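Peer 1: I would like to see how this sequence folds:
(one chain, ligands or ions: 1)
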Amino acid sequence: MNHALMNITARPDQLFLRGEGSWLWDDRGRRHLDFVQGWAVNTLGHAPACIREALARQSALLLTPSPAFHNAPALALAELLCRNSDFDQVFFTNSGAEANEGAIKLARKWGQLHRGGAHEIITFRDAFHGRTLATMSASGKPGWDRMFAPQVAGFPKAVLNDLASVQALVGPDTVAVMLEPVQGESGVHAATPEFLQGLRALCDRHGLLLVFDEVQTGIGRLGRLFGYQHFGVVPDIATLAKGLGGGVPIGALLARQRACVFAHGDQGGTFNGNPLMCAVGLSVLHEVLADGFLARVRATGEHLGDRLQALSDRFGLQGVRGIGLLRALDLGRPLAADVAAQARTGAGLLLNAPRPAVLRFMPALTVTAAEVDLMIDGLAASLEAVGIGS
Ligand code: PLP
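Peer 2: Okay, here's the model as predicted:
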């Protein structure tokens, strides 16, 4: 297709026009079962009533008063996030990368105030923290260190679930350790509870901040409001985005009191904390916090994991990874993009292939067991169609 959009990725030709729950319709009238959901964004599926109502209500009242004025939805959303977590204060952003960029600045500011100017943040191989220069430098995606060289300095890389590799990098310039509790873009690799507990102890021992990037794992994706609540390890700083807006752009930087060190002028942004997006975030959060919602995510997540494992056994694949409704199937051969393309064109099923041999499943948190079963049927047919026979 030749058009006026910059060509930054391969996209299928069709236009997607309308969505409802787990389903997405294209301009050819075809319905697709969506297990990508805006890249783990549409917490409540496509076009949920509560978001439509929040947008209509808030857009009739106030869009943006000024980032230098208070607005009611931002105050209420910050309050609700803090009341349901271990954090004391929030700064709203427009994306996950911007939230992480804020976390990096906050940690460096804390280092200036409390650790004699220490500024290094230990991050991890294969991590993904966003596409700004600093968050690309914090990421550990192979090849990214050379892409827009020179990198932002100060992000030595450790190995996930290897505490000794973190310990070896701690020095006088270290101020924090930052990681995704489950690495998403790397193909869904979870930190172990023991590793996170060890990291917490290490940070306490050396006086470092522990920062969790919960852009993908937050807002119910692992079956708890925040991913850290699944592991029982409380970070000093966390970031959110994706699921917080349920399909609209909003992120958040959250910190415990001792790390809330921004002074006037340190941080800001024109659209940050605008009432329209915060009103949507509030509507999403109310649904996710409603009685039984997260228990249903955990149950559907187990069902998804079990069905994928059975499929892996049947097709002789390399098994399933992940927690809650963030799962991966390891095909053991570099056919994931082929399977995803076949699933889309053949079975009308939208899947993501974050790595050559890995499929990732990140459905709406409202996905039903019956929709999971339908997805499994479509996936089985797609595996067979690309020659991965049962
Ligand atoms: N951090 C993690 C863990 C992510 O998965 C992503 C996006 O996939 C980001 C940060 C970047 O978020 P955004 O694309 O909203 O900037």
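Peer 1: now do the same contact list for the closest residue to the ligand within the stretch 251-390 of the chain.
Peer 2: Closest approach of the stretch 251-390 of the chain to the ligand (Cβ to the nearest ligand atom) occurs at residue 251, with a separation of 6.2 Å. Glycine gets a C-beta too; all of them are placed from N, C-alpha and C. Counting by Cβ atoms under 8 Å, 6 or more residues apart in numbering, residue 251 makes contact with 92-96, 98-99, 215, 239-241, 244.
Peer 1: any idea which residue is closest to the centre of the chain?
Peer 2: Nearest to the geometric centre of the chain sits residue 216, at 1.2 Å (Cα atoms, centre = their mean).
Peer 1: in contact with that one, which residues?
Peer 2: 40, 96, 180, 182, 184-185, 242, 326, 362.
Peer 1: which of the contacts of residue 251 sit farthest apart?
Peer 2: 92 and 215 (13.6 Å; Cβ to Cβ).
Peer 1: do I have it right that residue 38 meets residue 248?
Peer 2: No - in this structure, residue 38 is not within contact of residue 248 by Cβ atoms under 8 Å, at 9.9 Å.
Peer 1: now do the SS call for residue 177.
Peer 2: strand (DSSP: H, G, I helix; E, B strand; the rest coil).
Peer 1: mind checking pLDDT for residue 390?
Peer 2: Per-residue pLDDT puts residue 390 at 68.
Peer 1: for the closest residue to the ligand within the chain, give me the pLDDT.
Peer 2: Among the residues of the chain, residue 96 lies closest to the ligand, at 2.4 Å counting by Cβ to the nearest ligand atom. Among the per-residue scores, residue 96 shows a pLDDT of 98.
Peer 1: likewise for residue 111?
Peer 2: Predicted confidence (pLDDT) for residue 111: 98.
Peer 1: cool, the one 3 residues further on as well?
Peer 2: Reading off the per-residue confidence, residue 114 sits at a pLDDT of 97.
Peer 1: so what's the residue count around it?
Peer 2: For residue 114, the neighbour count with other Cβ atoms under 10 Å is 15.
Peer 1: domains of this protein?
Peer 2: What the record gives for the chain is the domain set 16-34+291-385, 49-288, from automatic domain parsing.
Peer 1: now check the shortest one, is it near the ligand?
Peer 2: No - using Cβ under 6 Å from any ligand atom, domain 16-34+291-385 never reaches the ligand; the gap is at least 9.4 Å.
Peer 1: and the end-to-end length of that domain?
Peer 2: Using Cα to Cα, to the nearest Å, one end of domain 16-34+291-385 lies 25 Å from the other.
Peer 1: related to what we said a few turns ago, could the domains of the chain go into TSV alongside distance to residue 9?
Peer 2: Listed next are the domains of the chain as TSV, based on distance: least, Cβ to Cβ, whole Å:
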stretch	distance to residue 9
domain 16-34+291-385	12
domain 49-288	12
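Peer 1: looking at those domains, which is nearest to residue 6?
Peer 2: So among those, domain 49-288 is nearest, using Cβ to Cβ, at 13.5 Å.
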